[in-house]
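Generate a structure from the sequence data that follows.
(one chain, ligands or ions: 1)
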Amino acid sequence: MKQMLKVAIALGFFAAGSLSQAACSFDVEVGDYLKFSAADMTVEKSCESITVNLKHTGQLPAKIMGHNWVLSKNADVQALATEGMSAGLAADYVPPGDARVVAFTSVIGGGESTSLTFSTAGLTAGEGYTFFCSFPGHSYSMRGAFNVNS
Ligand code: CO
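Alright, predicted model coming up:
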């Protein structure tokens with residue numbers, strides 16, 4: 001009995017750290033470091049919309065350790081990160097009006113939260129998407145696969 005309880009706790013802990021289970025809403029945490037709490041995310045096309053709740057649990061301000069959550073096709077990440085750098089903090093480090101950007105949150109600093117809801121209409125099941133932080137220098141480590149199931 002004690003052994004089973006231990007296993008259940010271990011499994012529960014593992015599940016809490018993974019967002020690979022398909023869902024329509026996600027809570028993602030960031031802090032004063034270059035890492036998202038989710039290594040990857042999986043949604044289903046049947047979700048009419050996707051909600052991402054981004055919470056910065058750190059203390060550093062947005063201009064020093066800001067983070068956002070940006071979604072694009074895999075092939076567009078590098079160019080968007082580079083062009084986003086030029087766009088600057090006022091534009092949330094995202095090129096304004098760029099069709100390669102599927103969705104993005106504003107850049108937040110320590111103690112702040114932001115939320116984003118976008119339609120799944122623009123997502124293609126099976127397409128390779130990546131979510132990343134476009135703050136200068138962050139996208140190399142702050143990125144993960146965004147899977148769209150049919
Ligand atoms: Co970041």
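
Identify each buried residue in stretch 94-106, please.
Using 16 or more other CB atoms under 10 Å as the test for burial, stretch 94-106 gives 94-95, 101-106. All C-beta spots, glycine's among them, are computed from the backbone N, C-alpha and C.

now swap in stretch 56-73 and tell me
56, 58, 60, 62, 65-72.

Out of the buried residues of stretch 94-106, which sit inside strands?
The strands, defined by DSSP state E, take in 103-104 from the buried residues of stretch 94-106.

Need the buried residues of stretch 94-106 in a markdown table (columns: distance to the ion and pLDDT).
Below are the buried residues of stretch 94-106 laid out as a markdown table (distance: CB to the ion, whole Å; pLDDT from 0 to 100):
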| residue | distance to the ion | pLDDT |
| --- | --- | --- |
| 94 | 13 | 98 |
| 95 | 17 | 98 |
| 101 | 16 | 98 |
| 102 | 18 | 98 |
| 103 | 16 | 98 |
| 104 | 12 | 98 |
| 105 | 11 | 98 |
| 106 | 12 | 98 |
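
just checking, residue 128 touches residue 77?
No. The criterion here is CB atoms under 8 Å, and residue 128 misses it with residue 77 at 10.2 Å.
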